Structures are given as C-alpha cells and as structure tokens.
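Colleague: quick one: sequence and predicted model below, then my questions.
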Amino acid sequence: MIRASVKKELLSWARKRAGLEQDALVGKFKKLPEWEAGELQPTLKQAEDFARAVHVPVGYLFLTEPPEESLPIPDFRTFAGQPMLRPSPNLLDTIYACQERQSWYRDFARITQAPELEFIGSATIDTSPEEVATHMRNTLGFDLDAWKGCQTWTDALRLFIRQADKIGVLVMVSGVVMSNTRRKLDPSEFRGFAISDPLAPLIFINGADTKAAQIFTLAHELAHLWLGDSALSNIEAAPRQGFPREEVWCNAVAAELLVPITSLRTELHTGEMLTDTLSRLARRFKVSTLVILRRLLDAGQLDRSSFEEAWKQECDRLRKISQKGSSGGNFYKTTVARVSPRFAHALISNTLEGQTLFRDAYRMLGVAKTETFNNLGREVGVMG
C-alpha cells in the first residue's frame with residue numbers, strides 16, 4: 001500500500017479552511033486523528049477523497065506549507081467594525097466560477113463588437129446619491145409605479161433582474177456553489193459582490209438571503225458598478241459607522257433608488273403606529289422593514305436613538321421568524337438564474353454554433369447531461 005507524502009499541517013489546514021471539526025469527518029476518514037497527529041499518512045486514494053470532502057485542490061496537500069489565499073476582488077466586509085477573516089472555500093469557489101463566466105462573456109462581447117457600457121464608472125463617490133439614483137432609475141427603466149404594482153417580493157426581484165440584464169449586467173443569483181446543493185452559501189459571510197467591467201459587468205447575489213435582502217443587495221452592487229468598482233459586500237441597510245466610505249455611499253444610493261425620499265413622504269400617515277408603517281411601506285416598496293426604518297431616519301421621521309431602538313427590535317423580530325423551506329421551483333429557471341439569463345443565452349448559442357466546447361459550456365453552466373443542456377437552451381429561447 002502506497003502512502004501519500006503529505007504533511008500533517010496541510011491536512012489540519014485544509015480541514016479548518018473548510019470550517020470543519022475532526023468529528024465531522026472521522027465517520028468517513030477513521031484515521032484522520034492519526035493523520036493530523038503525524039502518526040500515519042493516508043493513501044493517495046484517501047488523500048484524493050479527503051481533498052474532495054474539504055473542497056480543496058488535492059495538489060495543495062502536497063505543498064510544503066499552506067498557501068496564502070486572498071480574495072481576488074476588494075473585500076469591503078466588516079464584522080463589529082473589523083475586517084472579516086479567512087474566506088470560506090464556498091465563497092472562493094463561487095467567485096472563481098463567476099470570474100470564469102465573466103472572462104468568457106468578455107471575449108464573446110469583444111468578438112461580437114458589443115459597445116462598452118457608458119454607465120460603468122460614470123459616477124464618483126463625491127456624486128450625490130440622489131443624482132446617481134436618478135441616473136440609475138432612468139438607465140434601468142425603473143418605473144416606481146410598476147415596481148409598487150408587483151404582487152410579491154419575488155416578482156419585484158425578477159423585474160429588477162430583467163431590467164439589469166437588459167442594460168448589459170450579468171446578474172447571477174444562487175444559494176449554493178455552482179449547482180452543488182450540499183455546498184450552501186452563508187448570508188452572514190457575504191450578501192453579494194460586483195465585478196466591474198465595461199463589457200461584462202457582473203453581480204452575484206447570495207440566493208440564500210431573503211428576497212427583500214436580495215433586492216437591496218442588487219441595488220447596492222449596481223451602485224458599485226456605477227462607481228466602476230469591484231467589491232465583496234455584507235453591509236445591511238442601516239447607515240452605520242465602521243464601514244468603508246464606498247459601502248456607505250452605495251447603501252445611500254440603493255436606498256434612494258428603491259425608496260425615493262419624496263415618494264416615502266407622500267406615503268406617510270399621520271398618527272400611524274411605527275410597526276404598522278413598517279409593514280405597510282415594506283409591502284408597498286417591496287423592500288425589507290429595515291430599509292423602511294433607514295428611510296424614516298433619512299426623512300427625519302425618527303431621531304437616532306429611536307431609530308437604534310427600533311432597529312434592534314426589528315432585527316430581533318426577524319430573527320425569530322421561522323424560515324420556511326423552499327419548494328425548489330423550476331430546475332431550469334433556477335439554473336438560468338444562477339448563471340444569468342444573458343450569459344446562458346450567449347453561451348448556449350455560441351456552443352451550438354461550434355465556437356465553444358460543450359465540455360466547457362457544461363462546466364460553466366453547472367450541468368452534466370446533453371438533455372439538461374438542450375432543455376436550458378429551450379428555457380432561454382435558443383432552441384425550439
């Protein structure tokens with residue numbers, strides 16, 4: 001039996017990188033404690049299986065020391081006012097997958113001579129959030145009356161994504177890594193990210209978050225594209241200290257885009273209880289009650305101390321609400337949403353024309369079968 005020459009430190013690092021305790025893996029790898037203690041080495045097959053279990057390239061286990069893994073885009077996340085620590089394998093693999101799709105689409109856009117998008121980088125952090133929100137609304141065709149007319153938050157999110165897709169933004173929404181439902185993304189680690197590019201701007205939204213939160217994340221990341229910035233974000237709607245200036249600015253733009261202060265004031269009812277106001281306006285504007293709270297503060301309807309108390313109470317209330325399991329929805333619609341309709345249409349068309357290998361298309365789409373690929377083609381209108 002041939003043993004793999006791997007260092008015990010690399011095995012421990014790979015497990016901890018995945019956020020796993022030994023107890024979570026010993027059922028499958030009974031000798032793991034001995035491997036990490038340096039008393040025994042795994043076989044090559046065991047090392048390969050272990051690498052898959054902790055989502056790390058098997059070659060990493062044969063390095064002399066753990067590699068330095070840094071995020072490939074600027075990290076604007078904070079926790080308690082401090083920068084976030086090591087990114088999870090799920091987050092890293094999600095960013096890498098999105099970068100591969102973006103690279104492909106950028107080349108596709110160049111070949112098809114698509115024009116650069118003028119709104120990318122059209123604003124600066126010194127531009128007023130109100131001015132940028134107005135420009136975004138006009139560019140997107142964001143009709144507030146149509147927005148308010150959406151029956152549900154899901155309908156509003158779909159409309160918002162269609163508007164962003166129409167102006168050239170690749171919007172990808174998923175709660176898992178690629179199509180692996182066992183690798184769920186954690187909204188507490190990140191809510192979304194933007195990767196700016198004049199030909200292939202990309203926004204990823206953590207689909208494990210609430211629909212109301214996803215709507216705000218899309219607005220926030222669009223503001224990053226207007227700055228021409230790439231960014232990884234976890235900021236919530238509240239105007240808080242301790243976040244980078246860009247994040248605070250993008251939040252202000254997102255809040256004004258979704259809930260214009262002038263429209264908010266016309267919707268206020270004298271003498272209405274705050275809880276009733278929050279519930280009514282959240283339904284009206286298709287945002288979370290937390291966004292409404294923030295806008296009430298912006299409008300001078302709440303002072304800072306009242307806002308902070310109400311924010312804490314509302315956060316506590318939302319945490320106690322049990323999350324009902326999703327039915328899963330339509331598989332093909334979900335798959336298209338994970339990679340963006342614009343990207344899926346371009347990739348499938350290009351593959352059928354013989355310009356992209358089916359193998360590469362399957363990988364980027366997260367599918368494995370020809371039948372699935374063909375059905376996705378029908379879903380995006382490429383195949384009859």
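Modeller: Thanks, I have the structure now.
Colleague: how about residues contacting stretch 44-53?
Modeller: Here stretch 44-53 makes contact (CB atoms under 8 Å, 6 or more residues apart in numbering) with 2-4, 6, 11, 14, 18, 25, 28-29, 31-32, 42, 57-58, 60-61. All C-beta spots, glycine's among them, are computed from the backbone N, C-alpha and C.
Colleague: what does stretch 90-107 rub up against?
Modeller: By CB under 8 Å, 6+ apart, stretch 90-107 touches 55, 69, 71-73, 170, 172, 174, 177-178, 183-186, 189-190, 193, 195, 197, 199-200, 202, 204, 232, 339-340, 342-343, 346-347, 356, 360, 364.
Colleague: in strands only, show me these.
Modeller: With strands defined by DSSP state E, the entries of the contacts of stretch 90-107 inside them are Leu170, Met172, Ser174, Val177, Arg183, Lys184, Phe193, Ile195, Leu202, Phe204, Leu232.
Colleague: coming back round to it: report the buried members of the contacts of stretch 90-107.
Modeller: Among the contacts of stretch 90-107, those scoring as buried are 55, 71, 73, 170, 172, 174, 177-178, 183, 185, 189-190, 193, 195, 197, 199-200, 202, 204, 232, 339-340, 342-343, 346-347, 356, 364 (criterion: 16 or more other CB atoms under 10 Å).
Colleague: low-confidence ranges, the stretch 1-150 of the chain, go.
Modeller: Scanning the stretch 1-150 of the chain for pLDDT under 70 picks out the ranges 78-85.
Colleague: where do the helices sit along it?
Modeller: 8-17, 32-37, 44-53, 89-111, 129-140, 144-148 (DSSP state H, counting those that start in this stretch).
Colleague: could you list which residues are in contact with the nearest residue to Val56 once chain neighbours are set aside?
Modeller: Nearest residue to Val56, sequence neighbours excluded (CB to CB, 6 or more residues apart in numbering): Ala14, at 4.7 Å. With contacts defined as CB under 8 Å, 6+ apart, Ala14 is in contact with Phe50, Ala51, Val54, Val56, Tyr60, Leu61.
Colleague: got TSV for those, with distance to Arg106 and neighbour count too?
Modeller: What follows is the contacts of Ala14, written out as TSV (distance: CB to CB, whole Å; neighbours: other CB atoms under 10 Å):
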residue	distance to Arg106	neighbour count
Phe50	36	23
Ala51	31	18
Val54	32	20
Val56	28	22
Tyr60	28	17
Leu61	33	21
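Colleague: before we move on, back to that, Leu227 is nearest to which of the helices of the stretch 1-150 of the chain?
Modeller: Comparing those against Leu227 with CB to CB, the closest turns out to be helix 129-140 (8.8 Å).
Colleague: roughly how far out does that closest one sit from the chain middle?
Modeller: With CA atoms, centre = their mean, to the nearest Å as the basis, helix 129-140 stands 22 Å off its chain's centre.
Colleague: what packs against it?
Modeller: Judged by 3 or more CB pairs under 8 Å, 6 or more residues apart in numbering; DSSP states H and E, helix 129-140 is in contact with helix 153-166, helix 211-227, helix 245-258.
Colleague: next, the angle helix 153-166 makes with that helix.
Modeller: Helix 129-140 runs at 80 degrees relative to helix 153-166, counting by axes from the mean of the first three to the mean of the last three CA atoms, to 10 degrees.
Colleague: tell me how many other residues crowd Pro260.
Modeller: Neighbour count for Pro260, taken as other CB atoms under 10 Å: 18.
Colleague: report the contact partners of it.
Modeller: Ala133, Leu144.
Colleague: any idea of the pLDDT on it?
Modeller: At Pro260, the pLDDT value in this model is 95.
Colleague: give me phi/psi at it?
Modeller: Here is the backbone geometry of Pro260 (degrees, to the nearest 10): phi -60, psi 140.
Colleague: can you lay out the contacts of Ala14 as a markdown table showing distance to His135?
Modeller: Shown next, in a markdown table, are the contacts of Ala14 (distance: CB to CB, whole Å):
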| residue | distance to His135 |
| --- | --- |
| Phe50 | 51 |
| Ala51 | 48 |
| Val54 | 45 |
| Val56 | 43 |
| Tyr60 | 45 |
| Leu61 | 50 |
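Colleague: quote the end-to-end distance of stretch 191-198.
Modeller: 23 Å (CA to CA, to the nearest Å).
Colleague: and the helices and strands packed on helix 129-140, which is most packed in?
Modeller: helix 211-227 (a mean of 26; mean count of other CB atoms under 10 Å).
Colleague: and that helix, how far out from the chain middle?
Modeller: Per CA atoms, centre = their mean, the centroid offset for helix 211-227 relative to its chain is 10 Å.
Colleague: can you show me the CA trace of that helix as CSV?
Modeller: Output of helix 211-227 as CSV, limited to C-alpha atoms (Å, rounded to 0.1, in the frame of the first residue of the first chain):
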residue,chain,number,x,y,z
LYS,A,211,-35.9,38.1,-1.3
ALA,A,212,-36.1,41.6,0.3
ALA,A,213,-32.5,41.4,1.2
GLN,A,214,-31.6,40.3,-2.4
ILE,A,215,-33.4,43.3,-3.9
PHE,A,216,-31.3,45.7,-1.7
THR,A,217,-28.1,43.8,-2.5
LEU,A,218,-28.8,44.1,-6.2
ALA,A,219,-29.3,47.9,-5.8
HIS,A,220,-26.2,48.2,-3.7
GLU,A,221,-24.0,46.2,-6.1
LEU,A,222,-25.4,48.2,-9.1
ALA,A,223,-24.1,51.4,-7.3
HIS,A,224,-20.7,49.8,-7.2
LEU,A,225,-20.8,49.3,-11.0
TRP,A,226,-21.8,53.0,-11.4
LEU,A,227,-18.6,53.7,-9.5
